[in-house]
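Participant: I would like the atomic coordinates for the input below:
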Amino acid sequence: MTVPTTADRDSAASPAATTTRLATFGAGCFWGVEQILSRQPGVPGTAVGYMGGALERPTYDMVRCTDTTEHAEVVQVTWDPAKTTYESLIDVFWHLHDPTQLDRQGPDFWRQYRSVVFTHDADQAAIATATKNAIDQSGALPKPIATEIVPAQMFWRGESYHQRYFDRRGVDGCHLYPA
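Facilitator: Numbering: from 1, shown residues only. Reported below is the predicted structural model:
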């Protein structure tokens with residue numbers, strides 16, 4: 001099932017939109033998260049933006065500088081189910097950040113940097129919950145996972161200068177997961 005949730009609906013008209021699916025993850029600053037997810041097999045596209053707040057058309061300055069919009073910085077991943085699985089993508093998500101931190105990642109703190117999985121259907125919700133519970137039960141992490149798992153909301157695409165930020169600068173990002 002394709003779920004067009006972007007504020008700019010141009011991509012929904014493309015032929016790829018009928019054969020791909022969406023996944024949306026928040027794991028701190030979206031620049032490094034996007035770089036890692038964009039390099040995964042079966043991922044033809046990514047976009048950074050904002051999800052999870054009530055304010056329409058949030059901007060980076062509103063989300064990052066005021067901490068009042070309730071949006072998270074997120075990466076929306078377009079993935080091809082013929083080439084990868086949601087399980088593979090969420091495995092990358094769990095490893096690219098510290099999901100035990102509440103409302104922060106490293107030096108970045110406040111709600112916009114929370115760990116969150118926005119699910120686009122019941123299958124994604126079940127997989128996200130099952131993998132979260134399995135990691136918690138394994139004892140692999142020093143604290144319980146703080147990641148929120150909630151239904152996807154309107155995705156507001158971030159400003160153009162944030163898209164593929166690290167790749168355009170020719171640098172590797174700041175996360176621990178191997179790219």
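
Participant: List the buried residues in the top helix by length along the chain.
Facilitator: Determined from DSSP state H, the single longest helix within the chain is helix 122-138. Buried residues in helix 122-138, counted by 16 or more other Cβ atoms under 10 Å: Gln124, Ala125, Ile127, Ala128, Thr131, Lys132, Ile135. No exception for glycine: its C-beta is placed from N, CA and C like everyone else's.

Participant: tell me which residues in the helix or strand just after that helix are buried?
Facilitator: Toward the C-terminus, helix 122-138 is succeeded by strand 148-151 as the next helix or strand (DSSP states H and E). Buried residues in strand 148-151, counted by 16+ other Cβ under 10 Å: Glu148, Ile149.

Participant: before we move on, what about stretch 60-75?
Facilitator: Result for stretch 60-75 [16+ other Cβ under 10 Å]: buried residues Tyr60, Met62, Val63, Arg64, Thr69, Glu70, His71, Ala72, Glu73, Val74, Val75.

Participant: end to end, how far does stretch 62-75 reach?
Facilitator: End-to-end distance for stretch 62-75: 18 Å, by Cα to Cα, to the nearest Å.

Participant: Any chance you could list what contacts it?
Facilitator: The contact list for stretch 62-75, computed with Cβ atoms under 8 Å, 6 or more residues apart in numbering, reads 24-30, 33-34, 37, 46-55, 58, 110-114, 116, 118, 155-156, 158.
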